[in-house]
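K.L.:
mind looking at a prediction? Sequence and model below.
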Amino acid sequence: MENTNLMPKDIFGKAVLDYQLGNYTEDIITFSSLDEEDTIPIPYLFRDYKKMPLLEQKALQLCKGEILDIGCGAGSHSLYLQKKGLQVTALDYSKDAIEACNLRGIKNTIATDFYTYTAKKYDTLLMLMNGIGIAGKLSNIDSFFKHLKSLLKPNGQILLDSSDIIYMFEDESGEYWIPDNGNYYGEVTFSMEYKKEKTSEFNWLYLDYNTLQRAAISNNLTCELVSEGKHYDYLAKLTHK
């Protein structure tokens, strides 16, 4: 299945490769349907294990066997696992990001769209920094899980983190005001800007844990809440039933 949620300009990859080549001068600016302007600090994408959030550290500790790091970005998670002696493959649709991964010394890399990758099955599928976001919309979650399962060995595991962004809709009185537009509140539209280049809008999904669990069960997967972060974020482990 072709992923129709790809950014037309590889702004993310360009920024990552610039940093790796010593050409870092600015961060990525993000614009979202939540009416917020924010930045992605490029140096943070190159952080080492000690600077990673506890949820990410826990996920890396749970990795086993052959690992596919989906949406690897600058490859910091893959690099850590490789240094531990684990067999990891870093996958990203961005050719520039993968070039940066290669320059960082990651041995096994693949530059392709997740939805078109079918080469082999893995013991661990790793999707950190809200990797489930590539599903785009909640209505795509069944096809997303179907493809994940096709890459998972019978006794394999999917490790992913996400956030319940319900807090974005809280008012000063502590009540939640979610737009009544028929869409799941975790569906966000983003665009990015870097060095005066800007992407068109693309969809990104944040899932609260209960919604993730229901979707996993309906796709014949077990779903375990491994740990919760300090701000509506969590780490989950999914396995074949």
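P.N.:
Received it, and whenever you're ready, just let me know what you need.
K.L.:
so for the strand or helix carrying Leu212, mean pLDDT?
P.N.:
Secondary structure here is read from DSSP states H and E; on that basis Leu212 sits in helix 209-218. Helix 209-218 comes out with an average pLDDT of 98.
K.L.:
quick one: distance of it to the chain centre.
P.N.:
In this view, helix 209-218 has its centroid 17 Å away from the chain centroid, taken as C-alpha atoms, centre = their mean, to the nearest Å.
K.L.:
next secondary structure after that helix?
P.N.:
Scanning the chain past helix 209-218 towards its C-terminal end, the next helix or strand to appear is strand 221-228 (assignment: DSSP H and E).
K.L.:
circling back: how about the helix holding Leu212: buried residues?
P.N.:
Judged by neighbour count (16 or more other C-beta atoms under 10 Å), helix 209-218 contains these buried residues: Tyr209, Thr211, Leu212, Gln213, Ala215, Ala216. No exception for glycine: its C-beta is placed from N, CA and C like everyone else's.
K.L.:
make JSON lines from the residues you listed and add distance to Leu148 to it.
P.N.:
Putting the buried residues of helix 209-218 into JSON lines (distance: C-beta to C-beta, whole Å) gives the following:
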{"residue": "Tyr209", "distance to Leu148": "17"}
{"residue": "Thr211", "distance to Leu148": "16"}
{"residue": "Leu212", "distance to Leu148": "12"}
{"residue": "Gln213", "distance to Leu148": "15"}
{"residue": "Ala215", "distance to Leu148": "11"}
{"residue": "Ala216", "distance to Leu148": "10"}
